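1. Fold the following and give me the result.
(2 chains)
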Amino acid sequence: DGGITQSPKYLFRKEGQNVTLSCEQNLNHDAMYWYRQDPGQGLRLIYYSQIVNDFQKGDIAEGYSVSREKKESFPLTVTSAQKNPTAFYLCASSMQNQGARQPQHFGDGTRLSIL
Amino acid sequence: KQEVTQIPAALSVPEGENLVLNCSFTDSAIYNLQWFRQDPGKGLTSLLLIQSSQREQTSGRLNASLDKSSGRSTLYIAASQPGDSATYLCAVPNTDKLIFGTGTRLQVFP
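-> You can find the predicted model right below:
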């Protein structure tokens, strides 16, 4: 079955530590996205990538970094510069970006907490 | 700046009721509108995508309507069931990203 796999499901970060969230898709989609979800707020875009070796900042990119070395993979690193990282992180993909007009498919998320 | 609002924030209904969830957007120049379902602790599942040229889209007991001129979309759920309990979100595309509403949390009790 095609889909998006996020791992781990739960992640804990210590002060001053960088952590990396994994996102893998086997849908052969060109575009991939990272969103952050906080209670009572809508999803906010962190980074997106329209093609391998290219990515753009979203609305809240500060304190985060990404890479897109393979079409299937779009890992997100939460750096120590992100002072409020506790949130639910969702990865998504679409066939192409085309102004976000293509339907987006989501993984099951990673919940990140501070120790 | 596009803003998306969903009212009510929460809704609790008995099983069997027909119900309507609302989504409003400030810029009517949208290309499409997507409705999602989110179960607790899970990702989003796409329910319906309605193009700007369409007025309705149906899937089983779900029907989404779109009125661009008034900046509104509604999601109609017929004969609600406890399994419909979830948060429902709408989203519109805007310059390479989706703009999401904050969702309506629905509880259907037996």
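
2. is stretch A:103-115 up against chain B anywhere?
-> Yes. Counting by Cβ under 8 Å from any Cβ of the partner chain, chain B is contacted by stretch A:103-115 at A:P103, A:Q104, A:H105, A:F106, A:G107, A:D108, A:G109, A:R111. (Each C-beta comes from the backbone N, C-alpha and C, glycine too.)

3. Serialize those residues to TSV and add fields for neighbour count and secondary structure.
-> Output for these, formatted as TSV (neighbours: other Cβ atoms under 10 Å in any protein chain shown; DSSP: H, G, I helix; E, B strand; the rest coil):
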residue	neighbour count	secondary structure
A:P103	13	coil
A:Q104	27	coil
A:H105	20	strand
A:F106	22	strand
A:G107	23	coil
A:D108	17	coil
A:G109	22	coil
A:R111	15	strand
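
4. would you turn these into a markdown table with distance to B:T26?
-> Formatted as a markdown table, those follow (distance: Cβ to Cβ, whole Å):
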| residue | distance to B:T26 |
| --- | --- |
| A:P103 | 23 |
| A:Q104 | 21 |
| A:H105 | 27 |
| A:F106 | 25 |
| A:G107 | 29 |
| A:D108 | 31 |
| A:G109 | 28 |
| A:R111 | 31 |
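
5. Hmm, which of these is lowest in pLDDT?
-> pLDDT is lowest at A:P103 among those; the value there is 86.

6. Quick check: residues of chain B near chain A?
-> Looking at chain A, the residues of chain B close enough under Cβ under 8 Å from any Cβ are B:4, B:31-32, B:34, B:36, B:41-46, B:49, B:89, B:91, B:93-103.

7. go with 6 Å
-> B:31, B:42-44, B:46, B:49, B:93, B:96-98, B:100-102 (Cβ under 6 Å from any Cβ of the partner chain).

8. the helices in chain A, which residues?
-> With DSSP state H as the criterion, chain A has no helices.

9. got any ranges where it has weak pLDDT?
-> Counting by pLDDT under 70, chain A has low-confidence residues at A:1.

10. cool, and chain B?
-> Ranges of chain B meeting pLDDT under 70: none found.

11. Double-check A:G63 against A:N84; I have them as touching.
-> No. Counting by Cβ atoms under 6 Å, A:N84 is not a contact partner of A:G63; they are 8.5 Å apart.

12. excluding its backbone neighbours, what's nearest A:I60?
-> Closest residue to A:I60 apart from its sequence neighbours, by Cβ to Cβ, 6 or more residues apart in numbering or on different chains: A:R44 at 5.2 Å.

13. burial of the one you found, as a residue count?
-> The number of residues packed near A:R44 is 17, by other Cβ atoms under 10 Å in any protein chain shown.

14. returning to what we had before: among the residues of chain B next to chain A, which ones are buried?
-> Of the members of the residues of chain B next to chain A, the ones counted as buried by neighbours, 16 or more other Cβ atoms under 10 Å in any protein chain shown, are B:K42, B:G43, B:L44, B:L49, B:P93, B:D96, B:K97, B:L98, B:F100, B:G101, B:T102.
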